[in-house]
Each structure stands twice: as structure tokens, then as C-alpha cells.
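Q: I'd like to go over a predicted model; first the sequence, then the structure.
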Amino acid sequence: MEAQLPPASGSSTRSTDRHTAAVVHQIFSTAIASLSSSAEEMTFPTHAGGSASSPDAAISLEGMRCSSSSRFRVALIAPHPDDFDILAATMALFAEHPGGCDIRVCVLSCGSGVEDSFCTETRGVEPTPQAIRKIRRGEQQAGCNFFEEKYPGSVTLKFLELEESGAPDYAYATRGQTLLTPVNFDAFALYLSEVDPDVVMLPAVYETLPAAEPSPMPGGPGNAGHYRCGKLVEEALRRSGRPTALLQHGDPKTVSMRHDLFTPYDAETREWKAEMLRLHESQHVRNLETRGVGFDSRILAPELVNAKELAGARWEVWVAKGVAGVEVFQLDFVNC
Ligand SMILES: [Zn+2]
């Protein structure tokens, strides 16, 4: 299989045959394989995808498998419970990796996103920090259990329980987000050094590392938890110095990012993922009440829009091939 992969370095990685989603996936796996095998060879351009709308593009869901033979380790850093489930299709690709893949999921904080009314009316508990964390931990565990029904033993889930915002009033809008305290920086750096991943995944927080954009918070668009997650990752990688592929993924709150790589999924996967997302009941109820759509649609609808944008004039072909959405990523290499 290795011999069929495109070369991982040099200008040839942008040759004209790199147009199909399957080939983009090969690039993805090649990038990861090269990362696992030899740090010196990591000269892979950061813009890997982007030509999916070539007139000759033809994608095959059959071909979308990571095809390298290197076992690698992925750390998905989830600022909140549910940031793993949002990437269910990509995590499935990792889980199916023929060479084996360790998926480490690290949830930073669990105290946000649950409204008082959900605690009292749906769960019959007072909205204390402990009760809210218990609710969201339970939902994340349920999501991982659901994933592991299909991919047994694939995920190692860790709740880091970092110091969170909340005091003094414990208001819904500001509580439960990871704080950028020295204790948290140390705790997260220790976690990442122990996992020692080849690939770090996190929600999109800024354009590129290490030149982070100014914080989108407070007051501006964006997501404080996601932004702070980026700062923790940035500092941990600075301390470790380890060459690492960084994949930032898009979600409905993403301010801006490149779409370098994407994971297309079909309708069957879409329904599987939707069921997984609905296990986050606190988020599902809140989205239904405040946005008029469920948490599943909140995530999946923009992924359909992204698929159409990536396909461009080829959208009908993509539809015929069974594409029902894409998970999008910005790929950067850090410490390389
Ligand atoms: Zn999040």
C-alpha cells in the first residue's frame, strides 16, 4: 500500500492528480505516516487539499481509508464534551486504520453549556457545578460508548477537569470554561507529554501556529473555550518541542480557518453521527429551544454546506457518489 501513496514531500504533492477526496485522504494518511516514521522528511505543504472541485474529480467512498502502515497516536483535545462526537466520521477513519491507531480523547472542562432549566426540569437536580459536570461527563461517556459499539476498544477517554470559570455568580454565559492559569498550563502540558501524540486535533481557534491571532474573546465572535484550548495546546507543544501534525477542525462557531483536508461521509454515517450527537441531551435540548434545530442538525447542516462549497460545480457528482457532508480541517505542522 505504501508504494501507491503520493510522495510526502516536494512540489509534487500539488500535482494535478491530487483532486479527488480519496487522494486527499491519501495525502492525509501520508502526512501522518511520514510524521510517525521520520521527522526530517516532514516538508509536506500545509495546503494539501483545495483542488477537490477539479473538473475531473471523482471520489470514491470505498477508497477513503487511511492506508499507511504506521501505527500512530492521535490526541483529540476537546475543550468541551461533544467536541469528539463532532468528528465522528474522521475518528471512524482513524479507528479503521489497518496499521492501528491509538485515539486519545482529552476533555478539558465539563462545566459549561447546561442551562439551569435543564438541570431542574429535565434532570431534577440543582444546577451546581458538580451536577453540571456530572451531566456532561455522562453525555460524553455515552458518546464514546456509542462509538465503541462500532469500534470496540478504540478510544481512551480522559476528563482532565481543569480549573474552570464560574465565580462569583456562576452565570450560565460565563461558567465552566477552562481558565488559562499556570496550574492548567502545567496539567495540560503534562497530559500531552504523557500521551506523546503524532497528531493533535482541536477545534479551530486561529489561523496558524505559532502566530496566533488575537483572542476572539471577550465580546467578539468565537468561543472562549476553544480559543483557550488552542493556547494550552500551543504552550504544551512549545514546551515539548515534538514535531506534531496539528489538525484544527471547523464547527458552527469557527471564526476562520483554511479548509486543507476534509473527511467526506455518506448518509449512513451521517445518521450514525446524528444519533451520537443526540446523546448530548443537554446540548440537544438547548439547541432545540434556542435555535429551533437539534444539536445534530446544528452540526450536520454546516457540514453539508461545506461539502457543497468544496465540490463546487461537481456537487451533483458528489451527490451521486453518496456524499452527505464533510468534516473540514486546517493542517499545520508544529516544531518541524
Ligand atoms: Zn466545544
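A: Perfect, thanks for sending it.

Q: you'd agree D116 is up against P127?
A: Yes - here D116 reaches P127: they are 4.3 Å apart, a contact under Cβ atoms under 8 Å. To be clear about C-beta, it is placed using only N, CA and C from the backbone, and glycine gets the same treatment.

Q: Which one of the two is surrounded by more residues?
A: Set D116 next to P127 and count neighbours by other Cβ atoms under 10 Å: P127 wins out with 19 against 12.

Q: per-residue confidence at that one?
A: At P127, the pLDDT value in this model is 93.

Q: Give me the phi and psi angles of it.
A: Here is the backbone geometry of P127 (degrees, to the nearest 10): phi -80, psi 60.

Q: That one against C119, yeah?
A: Yes - contact status for P127 versus C119: in contact at 4.0 Å, counting by Cβ under 8 Å.

Q: Read off the pLDDT value for A307.
A: Taken from the predicted model, the pLDDT recorded for A307 is 89.

Q: Not counting residues beside it along the chain, what's closest to it?
A: In space, not counting the residues next to it along the chain, A307 is nearest to V326; the distance is 4.4 Å by Cβ to Cβ, 6 or more residues apart in numbering.

Q: Check E139 too.
A: Nearest-residue entry for E139: H280, 4.6 Å, with adjacent residues in sequence omitted and distances by Cβ to Cβ, 6+ apart.

Q: which non-adjacent residue is nearest the residue in the chain that the ion sits nearest to?
A: Using Cβ to the ion, the single residue of the chain nearest to the ion is H80, 3.7 Å away. The shortest distance from H80 to any non-neighbouring residue, by Cβ to Cβ, 6+ apart, is to G225 (5.6 Å).

Q: still on that earlier bit, ok, now how distant is the residue nearest to E139 from Y170?
A: For H280, the distance to Y170 (Cβ to Cβ, to the nearest Å) stands at 21 Å.

Q: try K321
A: Spatial separation of K321 from Y170 under the definition Cβ to Cβ is 49 Å.

Q: Look up how far Q141 lies from T122.
A: Relative to Q141, T122 is positioned 18 Å away (Cβ to Cβ).

Q: ok, the residue nearest to E139 - contacts?
A: In this structure, H280 makes contact with 81-82, 85, 136, 139-140, 143, 295, judged by Cβ atoms under 8 Å, 6 or more residues apart in numbering.

Q: same check, this time on S154
A: Taking Cβ under 8 Å, 6+ apart as the contact definition, S154 lies against 91, 94-95, 101, 103, 147-148.

Q: following the helix ranked longest in the chain, which helix or strand comes up?
A: Longest helix in the chain by number of residues (criterion: DSSP state H): helix 129-150. Toward the C-terminus, helix 129-150 is succeeded by strand 155-159 as the next helix or strand (DSSP states H and E).

Q: so that following strand versus helix 129-150, what angle?
A: Orientation note: strand 155-159 sits at an angle of 180 degrees relative to helix 129-150 (axes from the mean of the first three to the mean of the last three Cα atoms, to 10 degrees).

Q: which strands and helices sit next to strand 155-159?
A: Strand 155-159 is packed against strand 101-107, helix 129-150, with contacts defined by 3 or more Cβ pairs under 8 Å, 6 or more residues apart in numbering; DSSP states H and E.

Q: and the residue nearest to M91 when sequence neighbours are not counted, what does it touch?
A: Taking Cβ to Cβ, 6+ apart, and ignoring the residues beside it in sequence, M91 has I103 as its nearest neighbour in space, at 6.2 Å. Listed by Cβ under 8 Å, 6+ apart, the contact partners of I103 are 74, 76, 91, 94-95, 154-156.
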